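Asker: sequence-free structure coming up:
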């Protein structure tokens, strides 16, 4: 599970418990919204410099493992 990992954290003290990228206040949902709108990962990273490309890639790879089993 991704929540409360080195990739994502969720705490009532940060954004009311909304899952965010670890060590940031950037909700994971924001990345998903960018991608659904046709924006690139680089566009997202430009808008949210506290999130690293490594975090985004790790999130997507873990989601793939959980959904596809790779």
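Answerer: Great, that's in hand. Worth saying up front: this structure is predicted, and the values here are computed from it rather than measured.
Asker: wait, doesn't residue 7 sit right on residue 20?
Answerer: No - in this structure residue 7 lies outside contact range of residue 20 using C-beta atoms under 8 Å: 10.3 Å. Glycine gets a C-beta too; all of them are placed from N, C-alpha and C.
Asker: just checking, what packs against the helix ranked longest in the chain?
Answerer: In terms of residue count, the longest helix belonging to the chain (DSSP state H) is helix 53-68. With contacts defined as 3 or more C-beta pairs under 8 Å, 6 or more residues apart in numbering; DSSP states H and E, helix 53-68 has these neighbours: helix 28-36, helix 41-47.
Asker: any idea of the mean pLDDT for that helix?
Answerer: Helix 53-68 carries an average pLDDT of 93.
Asker: before we move on, back to that, turn the helices and strands packed on helix 53-68 into CSV, columns for mean neighbour count, mean pLDDT and distance to residue 69.
Answerer: Converted to CSV, the helices and strands packed on helix 53-68 look like this (neighbours: other C-beta atoms under 10 Å; pLDDT from 0 to 100; distance: least, C-beta to C-beta, whole Å):
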stretch, mean neighbour count, mean pLDDT, distance to residue 69
helix 28-36, 15, 97, 21
helix 41-47, 14, 98, 23
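Asker: Make JSON lines from the ones you listed and add distance to residue 66 to it.
Answerer: Written out in JSON lines, the entries for the helices and strands packed on helix 53-68 read as follows (distance: least, C-beta to C-beta, whole Å):
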{"stretch": "helix 28-36", "distance to residue 66": "14"}
{"stretch": "helix 41-47", "distance to residue 66": "19"}
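Asker: what about stretch 43-57, start to end distance?
Answerer: Looking at stretch 43-57, the gap from its leading to its trailing residue is 14 Å under the measure C-alpha to C-alpha, to the nearest Å.
Asker: what comes into contact with that stretch?
Answerer: Taking contacts as C-beta atoms under 8 Å, 6 or more residues apart in numbering, the residues outside stretch 43-57 that touch it are 7, 21-26, 30-31, 34-35, 41.
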